[in-house]
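S.K.: whatever this is, show me its structure:
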Amino acid sequence: MLENVWSTIDLFLDHLRFEKEASPHTVTNYAADLAQFAEFLDHQGVARPESLDSRMIRFFLREIMGFGYSKTSVSRKLSAVRSWSAFLKERGALPTDPAKGVQGPKLPAILPRALSREHAKRLIEEGPDGDDRIRDRAILELLYGCGLRVSELVALRWEALEPVEERMLRVAGKGEKERIVPFGQFALAALREWRPFVPIDAPFLFPGLKGGAVTVRTVHRVVLRASARVGLSGVTPHTLRHSFATHLLEGGASLAVVKDLLGHESLLTTQRYLAINAEHLRESYRVAHPRAKGEDGHV
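M.R.: Predicted coordinates for the structure are as follows:
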């Protein structure tokens, strides 16, 4: 017999803390969202998880939307419920997952923002500080200079740079598909400065504890600290990846080249991912198309 809803939520939160090693912020958010769901179930007379079904979850979503919660908030709460119910199913506590297949509200497409060139320069050159400033500078140079996903960065090994003088990086992307990404002189200088601080037998560019690689969470903190020092907000590793692609396009690189550098499977993914401003499109057309100009030379 399962315990009541509240006690299984406590078990799930302990799973996040001690097994998944989730951040305190993440655990707090899950706890708040699941407490709201548990209170809703209390009012519906549902005390145990085995009494829950998908209709009850949909009823919960409709109710909180009726109270004026945004679509983003509703989707976040559904994500918490899904994680909790999947946890119970994986542990064998439930025969089926009641949240599986429940659809949340359709969210509007939100394009990531890119840093300006000046802000990117300040972030990399003035953001790193303290004992880890040399490592942090190398991390920022590669995130922005190569457009890497944070998961790709932490998995980088020194052998992926050999020979380093060629300034080409072998990156294992999604699905373990390898791609080659060039990097510039600034990244090369940062890596050469960082190399003496890494044990000679350490395989990863950025070692973590116990011989492994630095964690994704640590890289997020590196970006957050550096951006705070230069007065920027809302900057993540993904912001640097988007800035890399946007600045390449603004500099004249083709969408197909950017697609390959980002490691996208489809050009459509790259088109959705990037917000190309109208002026850049107009200028690219004017320069590239033989019939863009009239006889008087005007577009």
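S.K.: shaky segments in the stretch 101-250 of the chain?
M.R.: Applying pLDDT under 70 to the stretch 101-250 of the chain picks out residues 108-112, 175.
S.K.: would you map the helices across the stretch 101-250 of the chain?
M.R.: For the stretch 101-250 of the chain, the helices defined by DSSP state H, counting those that start in this stretch occupy 117-126, 133-146, 150-154, 185-194, 216-229, 237-250.
S.K.: run through who's touching the first one.
M.R.: In other words, helix 117-126. Here helix 117-126 makes contact (CB atoms under 8 Å, 6 or more residues apart in numbering) with 115, 137, 140-141, 144, 186, 226-227, 229-230, 232, 235, 240, 243, 247. The C-beta positions use only the backbone N, C-alpha and C, and glycine is treated the same way.
S.K.: quick check: the farthest pair among the residues you listed?
M.R.: R229 and H247 (21.6 Å; CB to CB).
S.K.: what's the neighbour count on the residue lying closest to V198 once chain neighbours are set aside?
M.R.: Spatial nearest neighbour of V198, excluding adjacent residues (CB to CB, 6 or more residues apart in numbering): P207 at 6.2 Å. Here the number of neighbours of P207 (other CB atoms under 10 Å) works out to 16.
S.K.: from W194, how far out is P207?
M.R.: Note on P207: its distance to W194, by CB to CB, to the nearest Å, is 11 Å.
S.K.: do the same with D97
M.R.: Distance from D97 to W194, by CB to CB: 45 Å.
S.K.: next: L249.
M.R.: L249 is 29 Å from W194, by CB to CB.
S.K.: tell me which of the two has more neighbours.
M.R.: L249 (21 against 18).
S.K.: tell me which residue is most central in the protein.
M.R.: H238 (5.3 Å; CA atoms, centre = their mean).
S.K.: surely V258 meets T270?
M.R.: Yes. Counting by CB atoms under 8 Å, V258 does reach T270; the two are 6.0 Å apart.
S.K.: identify the contacts common to the two.
M.R.: A245.
S.K.: how many neighbouring residues does the closest residue to L78 other than its chain neighbours have?
M.R.: Excluding its sequence neighbours, the residue lying closest to L78 (CB to CB, 6+ apart) is G104, at 4.4 Å. Neighbours of G104 under the rule other CB under 10 Å: 18.
S.K.: and G104, what does it touch?
M.R.: L61, K71, V74, S75, L78, S79.
S.K.: show me what counts as buried in whichever strand or helix holds D10.
M.R.: Following DSSP states H and E, one finds D10 within helix 5-14. Neighbour counts over helix 5-14 (16 or more other CB atoms under 10 Å) mark V5, T8, I9, F12, L13 as buried.
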